[in-house]
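> here is my input, please return the structure:
(one chain, ligands or ions: 1)
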Amino acid sequence: MRYEGPIYRPPSEAGSLLIQATVGCPHNQCTFCMVYKKGPKYRARPAAEVITDLEAARATYGSRVQTFFFPAGNTIAAPTDSLEQIFEAAGRIFPELRRLTVYGSAKYILAKGETDLRRLAAAGLTRVHVGLESGHDRILSDIRKGASRSEQIRAGQLLKTAGIENSTYVMLGIGGKFMSAAHALATATALNEILPEYVRLRTFVPKAGTPLLHKVKKGYFIMAGPHDILRETRLLLENLDAATSLRSDHYTNYIDLSGELPQDKDRLLRQIDEALERPENTFRPFFVGTE
Ligand code: SF4
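As a prediction, the model looks like this:
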């Protein structure tokens with residue numbers, strides 16, 4: 001297998017084989033993200049080259065591989081013909097395959113449209129990991145996510161129509177201290193329309209070399225503290241009506257919340273209330289991320 005540039009994957013894909021169909025991120029503008037800021041430039045690898053990697057993986061790992069994640073930011077943006085060939089080949093070479101997933105932002109999901117998404121689902125794509133980050137228009141614009149609230153909602157609904165699972169990422173604290181409540185409420189109501197299979201919480205940590213760290217240092221962006229984040233999470237959860245699996249499988253979070261909604265909501269709210277009793281200095285300290 002050949003890899004080029006930073007290789008990131010969601011924690012939930014820890015057991016998946018990583019095969020690269022694209023390099024870099026075609027958007028590469030989010031102000032909180034440092035992953036591809038130094039390159040490489042986005043490109044889709046030729047399908048024939050990727051299929052050679054799939055064959056090499058079969059020869060090395062055999063039937064042990066049951067889930068695939070195709071890394072790099074926004075692999076969904078690659079040409080549909082090419083992705084279709086790659087996904088069909090993955091299913092042919094690994095008949096035991098149970099799950100095949102990629103990263104995809106709302107902007108590129110919408111650009112694909114229903115017909116192409118249905119083709120990808122038929123070719124074997126089972127789940128897209130989508131960075132919603134926030135359901136609030138001003139925050140989405142400030143962080144240059146490349147999609148408005150309504151576009152995020154439409155993209156989520158499009159995945160559902162195409163029969164592709166949606167694993168949505170919410171970034172706690174991305175509105176800062178003063179937009180915290182607005183962020184929580186707008187995000188909960190957006191999720192209630194998207195109805196993703198998974199909601200995954202991450203907490204904003206400023207990353208080295210990003211425009212948002214610059215704003216934090218200049219005092220233009222006031223970070224939310226541990227109790228602010230817990231209250232934000234509580235408000236989000238209180239207003240989240242979607243039936244979904246909630247996960248906080250990330251090192252940036254102050255507490256680990258995991259459960260099925262709506263049935264586990266009361267337990268999760270109690271867990272947040274207990275955490276709010278702890279002094280702020282007992283949570284992880286502020287740090288600048290370096291990866
Ligand atoms: S779309 Fe994803 S990979 Fe690309 S810049 Fe934004 S957060 Fe980073």
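
> please give the element, helix or strand, for residue 272.
Using DSSP states H and E, residue 272 falls within helix 265-276.

> could you pull up the residues touching residue 77?
Residues in contact with residue 77 (C-beta atoms under 8 Å, 6 or more residues apart in numbering) are 22, 26, 42, 44, 104, 108, 111. In short, each C-beta sits where N, CA and C put it, glycine included.

> now, among these, which is nearest to the ligand?
Proximity of the contacts of residue 77 to the ligand (C-beta to the nearest ligand atom) peaks at residue 26, which lies at 7.7 Å.

> which parts of the stretch 101-250 of the chain sit against the ligand?
Residues of the stretch 101-250 of the chain lying close to the ligand (C-beta under 6 Å from any ligand atom) are 105, 131.

> from the stretch 101-250 of the chain, which residue is nearest to the ligand?
residue 105 (4.8 Å).

> in contact with that residue, which residues?
Contacts of residue 105 by C-beta under 8 Å, 6+ apart are 27, 73, 74, 76, 130, 131, 145, 146, 147, 155.

> chain neighbours aside, what residue packs nearest to residue 164?
For residue 164, ignoring the flanking residues on the chain, the nearest one in space by C-beta to C-beta, 6 or more residues apart in numbering is residue 121 at 5.1 Å.

> oh, I was asking about residue 137
In space, residue 137 is closest to residue 149, 4.9 Å off (C-beta to C-beta, 6+ apart).

> and if you look at residue 166?
Leaving out its chain neighbours, the residue that sits closest to residue 166 by C-beta to C-beta, 6+ apart is residue 196, at 3.9 Å.

> next one: residue 226
Nearest residue to residue 226, sequence neighbours excluded (C-beta to C-beta, 6+ apart): residue 283, at 4.0 Å.

> tell me how far that neighbour lies from residue 231.
Distance, residue 283 to residue 231, by C-beta to C-beta, to the nearest Å: 13 Å.

> list the contacts of the helix ranked longest in the chain.
In the chain, with assignment by DSSP state H, the single longest helix is helix 106-123. Residues outside helix 106-123 that contact it (C-beta under 8 Å, 6+ apart): 26-27, 74, 76-77, 80, 83-84, 87-88, 91, 128, 130, 132, 145-147, 151-152, 154-156, 158-159, 161-164.

> now, these that are in strands?
With DSSP state E as the criterion, strands contain 128, 130, 132 from among the contacts of helix 106-123.

> what's the burial count for the first one?
Which is residue 128. Residues lying near residue 128 (other C-beta atoms under 10 Å) number 27.

> per-residue pLDDT, it?
Predicted confidence (pLDDT) for residue 128: 98.

> would you list the phi and psi of residue 98?
Main-chain dihedrals, residue 98, degrees, to the nearest 10: phi -110, psi -20.

> which ones are touching the nearest residue to residue 204 once chain neighbours are set aside?
Excluding the flanking residues, the one nearest residue 204 by C-beta to C-beta, 6+ apart is residue 173, at 3.9 Å. The contact partners of residue 173, taken as C-beta under 8 Å, 6+ apart, are 180, 203, 204, 223, 224, 228, 229, 232.

> can you lay out the residues you listed as CSV showing secondary structure, pLDDT and neighbour count?
Output for the contacts of residue 173, formatted as CSV (DSSP: H, G, I helix; E, B strand; the rest coil; pLDDT from 0 to 100; neighbours: other C-beta atoms under 10 Å):
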residue, secondary structure, pLDDT, neighbour count
180, helix, 98, 22
203, strand, 98, 22
204, coil, 98, 22
223, coil, 98, 14
224, coil, 98, 22
228, helix, 98, 19
229, helix, 98, 26
232, helix, 98, 26
